[in-house]
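**Q** My questions concern the predicted model and sequence given below.
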Amino acid sequence: MAASLLSHGMRRCSARTCAAAAVAVRRGLSSAAPPSVFTRLLLKLNNYFYDVEHIVGWNNWARTLLVRSKNTFFGLAQQNFGDNVAAAYYILTLRGSFRFAGQSEWFRPDSSGKFSYDFMSTPDTQIEEVDLSGTIINHDGLDNLVKQNKLQSLSLRGCPEVDDWFLARLHVFGESLVELDVSHCPCVTVGGLAALQNLRKLQRLDISGLSRLQSPGLVRILLEEMLPHCRVTGAEYEQGLIQPDTREPTEEDHEATSANTGVRHL
Amino acid sequence: MWRKLLASVPAFRAPKAPCRSFKSSSRRAEKDFNKELEAQFRAFREKAAAALPGSDWSPFELTPGLPPERADVVIVGGGVVGWSIAYWLKKKERVRDGLRVLVVEKDPTYSQASTVLSCGGIRQQFSLKENIQLSMTSADFLKNINNHLWVVNEDPVDLQFNHSGYLFLASEKSAHIMEENYHTQRHAGAKVALLSPSQLKERYPWINTEGVALASLGLENEGWFDPWSLLNALRRKAMSMGVYQCFGEVTGFRCSSNVAEIADDDFVDVKRIKYVNVQMPNSLEYQPVETAIVVNAAGANSGKIATMLGIGLGPKESISGIPFPVEPRKRFVYVVHCPDGPGLDTPFLIDYSGVYCRREGLGGNYITGMSPEETEEPDVSNLDVDHDFFQEKVWPRLANRIPAFEQLKVSSAWAGFYDYNTLDQNGIVGMHPLVSNMYFATGFSGHGLQQSPAVGLAVAELILDGGYKTVNLSAFDLKRIFLREPILESNIV
């Protein structure tokens, strides 16, 4: 009796498991990699136990806290050492890399996240190129960079927290930004790309691998129309179009066409 | 043993009487017995499942969907403002289940709700400081919407926000107002840029700049989104936090009243709502809900709710004779198709002639409309669309501003209600002096959707903390109605 009740419950729950897994996949658990075995187990248990649901909730909350703390405004550093040093320090703590204007070497942390403080010796040089690929920068963190009005190149490849609100804030670099890479950002949609109209100097834009664009080809056409001086890469024109039927014509098709022509002859 | 058992169950004995072979009959009986047993078990299982905790089975006959008999706060109107207030009340409660909040909505399909029939725009380009702050706080909420409204185990909220900004055009006459507003907006922290006609032409070559003296473009936090997603997300989150939802119509209130002296020999009747009568849809049955606080967030119908309490029905000269100035006004929205129209950079364009237009999707569809003259207000008894209005008023102005729209096709249209504040077209937030426990959050005249998250927070602060903390809305108090001191926006769309 109890067993059959339980089995009934299990069956009902298994339908929900699929939905939850789909959610997890869509949310991407905020990273490009597929969820680990542990995460998947957690999500499965999540459907049966409220305790696990709370753990998942806390996990999400902790992640939000981490993103927020990593993207806080470095006010003290800015006060003591100036905007440029604060911006450089912020980029390095996020494990991104950058290049000062007029220099050729890049500052980047080593694999364990440590970095040298050489950049503090030139507090008056502005940052020209920034590579923040794969970091957890979000729209709040952009506050640290807004004073860099010589920023020419910004790479945000595969940043899980970069969303449309982030792109809408990029207008602060409208007078300088030449190259932008937003490829493989899971949260970017066409609503945010429309805000790039404020970047009048933009010449190169990479929009490859944006999973939430439904028709990348059309978006590319519209972007090129919107920014006439900009070369948009990462999407083919025919991407997202309904492809014409490419299979080999079969006997039935022949019959159908002959029937059609027959009708036409009549 | 089997024989004994079979003999004791009459159901097995009766139909099997003419059986000849003992062996075969026993086998058949055994099969039947098993079937019977299974049926018995199934019936028992169903009964047990119905009676176990968590099912809605009850020994008494109850109408499904009745509201609870008691609630601390009853919110009249389950639109985006109502649900936002409910969410913030639950968010701000100190202890778990510290507050019983009930949201009453009369239209379960939201077929006439202003929320879902709006254009879904959000802008900071207002002239009043309060409106700018409300919009900025709301934009901040929308920015972090998944931190606020994500429910564990559900899809993240996708508002489909389009960050295209608002573009206001000003003529020679109104340019100085626009400049003034621009300074107010910059001062309040909004990111707005002014464009000269030549800059405008360079940015948007498809605009006819004739007659335009100045334009202002919102750079950040402006655009449009899907109102239904926001409403649903707020509702889902609020309900997951324990807010009660009820589909029914508020038909009356049961109040106690006492006489208060406001001046020498001047007495007024101050009411206090004890019960809210909630009538079930398609039924005469109603449930009185005992409550401490009522929030009137009924939007276009909030004037009707106020009349139920006798507001505006008193003698002409007295304070109770001043009607609550919110009434429904019908506005038409037209969806037009124009394959050669402006592209992805189309902002939410608002011309000084009153006509507005925005892109809808990527397929060459646009949404357009305008507010009619005060003297030509359409009939509000239904939601029928007046297509002549488009032909005569909207299209000429639209085609004048964007020449590509000379050739367009109206593909559909709808109408929705504004909760129009006849005094000054701004929100009314606060308490009525004649009803001691009713809060108003209404009269936003078309800005309700974009300001709803912040208004919800402000009202929740007003109820729980006794005053505003985040955004100071004391300018939107009801006092201005009695003093007849409107606070006007210098450009209302």
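**A** Right, received. Where do you want to start?
**Q** for the closest residue to chain A within the stretch 51-200 of chain B, what are its contacts?
**A** When scored by C-beta to the nearest C-beta, the stretch 51-200 of chain B has B:H163 as its residue closest to chain A, at 3.7 Å. All C-beta atoms are positioned from the backbone trio N, CA, C, and that covers glycine. Residues touching B:H163, when contacts are defined by C-beta atoms under 8 Å, 6 or more residues apart in numbering or on different chains, comprise A:164-165, A:167-168, A:191-192, A:194-195, B:220, B:222-223.
**Q** confidence score at it?
**A** The per-residue pLDDT reported for B:H163 equals 95.
**Q** distance of it from B:A475?
**A** Using C-beta to C-beta, to the nearest Å, one obtains 29 Å as the distance from B:H163 to B:A475.
**Q** swap in A:N47?
**A** From A:N47 over to B:A475 the distance is 49 Å, taken as C-beta to C-beta.
**Q** thought B:K91 was touching B:E461?
**A** No - with contact defined as C-beta atoms under 8 Å, B:K91 and B:E461 do not form a contacting pair (11.0 Å).
**Q** out of the two, which sits in the more crowded spot?
**A** Neighbour comparison, B:K91 and B:E461: the larger count goes to B:E461, with 19 against 14 (by other C-beta atoms under 10 Å in any protein chain shown).
**Q** any idea of the mean pLDDT for the helix or strand harbouring that one?
**A** Per DSSP states H and E: B:E461 is located in helix B:448-464. If you average the pLDDT over helix B:448-464, you get 95.
**Q** same thing with stretch B:393-406?
**A** Averaging the model's pLDDT scores along stretch B:393-406 yields 95.
**Q** Residues contacting that stretch, please?
**A** Contacts to stretch B:393-406, defined as C-beta under 8 Å, 6+ apart, come from residues B:169, B:206-208, B:210, B:334, B:336, B:338, B:340-342, B:349, B:351, B:353-355, B:357, B:366, B:368-370, B:372, B:408.
**Q** Tell me how far it lies from the chain's centre.
**A** A distance of 31 Å separates the centroid of the chain from that of stretch B:393-406, by C-alpha atoms, centre = their mean, to the nearest Å.
**Q** Equivalent analysis for stretch B:246-259, please.
**A** Per C-alpha atoms, centre = their mean, the displacement of stretch B:246-259 from the mean C-alpha position of its chain is 21 Å.
**Q** Now do the buried residues in that stretch.
**A** By neighbour count with 16 or more other C-beta atoms under 10 Å in any protein chain shown, stretch B:246-259 contains the buried residues B:246-250, B:253, B:255.
**Q** Could you identify the pair within the residues you listed that is furthest apart?
**A** Between all members of the buried residues of stretch B:246-259, the longest pairwise span (C-beta to C-beta) is found for B:F247 and B:C255 and amounts to 24.2 Å.
**Q** which phi and psi does the nearest residue to B:C338 once chain neighbours are set aside have?
**A** Computed as C-beta to C-beta, 6 or more residues apart in numbering or on different chains, the closest residue to B:C338 that is not its neighbour in sequence is B:L408, at 4.1 Å. When read as degrees, to the nearest 10, the backbone of B:L408 gives phi -140, psi 170.
**Q** shaky segments in chain B?
**A** With pLDDT under 70 as the threshold, chain B has low-confidence stretches at B:1-24, B:492-493.
**Q** ranges for the helices of the chain?
**A** Assuming you mean chain A. Under the criterion DSSP state H, helices of chain A are mapped to A:2-27, A:37-46, A:50-70, A:75-81, A:83-93, A:164-169, A:190-193, A:216-226, A:251-265.
**Q** switch to chain B, that's the one I care about
**A** Using DSSP H, the helices assigned to chain B run over residues B:2-8, B:10-13, B:22-51, B:80-92, B:129-143, B:145-149, B:175-188, B:197-203, B:227-240, B:302-308, B:387-389, B:395-401, B:448-464, B:479-483.
**Q** just these: most buried one?
**A** Between the helices of chain B, the one whose residues have the most neighbours on average, counting mean count of other C-beta atoms under 10 Å in any protein chain shown, is helix B:80-92 (a mean of 27).
**Q** Tell me which residues touch B:R359, please.
**A** For B:R359, the residues meeting the contact criterion (C-beta under 8 Å, 6+ apart) are B:162, B:164, B:342, B:344, B:346, B:365-367.
**Q** so can I have CSV of the residues you listed showing neighbour count?
**A** Written out in CSV, the entries for these read as follows (neighbours: other C-beta atoms under 10 Å in any protein chain shown):
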residue, neighbour count
B:N162, 30
B:S164, 25
B:P342, 22
B:L344, 23
B:T346, 23
B:N365, 16
B:Y366, 23
B:I367, 22
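**Q** Kindly indicate which of those residues lies nearest B:K106.
**A** B:I367 (27.0 Å).
**Q** was I right about that closest one contacting B:G361?
**A** No - with contacts counted by C-beta under 8 Å, B:I367 stays clear of B:G361, the gap being 9.9 Å.
**Q** rewinding a little: between the helix holding B:E461 and helix B:227-240, how many degrees?
**A** 20 degrees (axes from the mean of the first three to the mean of the last three C-alpha atoms, to 10 degrees).
**Q** ok, and the closest non-adjacent residue to A:C187?
**A** Skipping the residues right next to it in sequence, A:C187 comes nearest to A:D163 by C-beta to C-beta, 6+ apart, at 3.9 Å.
**Q** list the contacts for that neighbour?
**A** A:D163 makes contact with A:138-139, A:185, A:187-188, A:192 under the criterion C-beta under 8 Å, 6+ apart.
**Q** Now do it against A:V178, distance only.
**A** With distances defined as C-beta to C-beta, the gap from A:D163 to A:V178 amounts to 23 Å.
**Q** do B:S283 as well
**A** Distance from B:S283 to A:V178, counting by C-beta to C-beta: 66 Å.
**Q** Who has more neighbours out of the two?
**A** Per other C-beta under 10 Å, whichever of B:S283 and A:V178 has more neighbours is A:V178, with 18 against 10.
**Q** check contacts around the closest residue to B:Y87 other than its chain neighbours.
**A** Closest residue in space to B:Y87, ignoring its immediate chain neighbours: B:A238 at 4.4 Å, by C-beta to C-beta, 6+ apart. For B:A238, the residues meeting the contact criterion (C-beta under 8 Å, 6+ apart) are B:83, B:86-87, B:90, B:101, B:103.
**Q** What is the most widely separated pair among the contacts of B:R359?
**A** Looking at the contacts of B:R359 by C-beta to C-beta, the two members farthest from one another are B:L344 and B:I367, with 15.5 Å of separation.
**Q** Contact residues of the stretch 101-250 of chain A facing chain B?
**A** Applying C-beta under 8 Å from any C-beta of the partner chain, we find that the stretch 101-250 of chain A lies next to chain B at A:139, A:164-165, A:167-169, A:171, A:189-195, A:197-198, A:215, A:218-219, A:222-223, A:225-226.
**Q** Quick check on the residues you listed: which are buried?
**A** Applying a neighbour-count criterion of 16+ other C-beta under 10 Å, the buried members of these are A:139, A:164-165, A:167-169, A:171, A:189-195, A:197-198, A:215, A:218-219, A:222-223, A:226.
**Q** Show the contacting residues for the most centrally placed residue in chain A.
**A** Using C-alpha atoms, centre = their mean, the residue of chain A that lies closest to the mean C-alpha position is A:C185, 1.5 Å off. Neighbour list for A:C185: A:156-160, A:162-163, A:210 [criterion: C-beta under 8 Å, 6+ apart].
**Q** Recalculate using a threshold of 7 Å.
**A** A:C185 sits next to A:156, A:158-159, A:162, A:210 when contact means C-beta atoms under 7 Å, 6 or more residues apart in numbering or on different chains.
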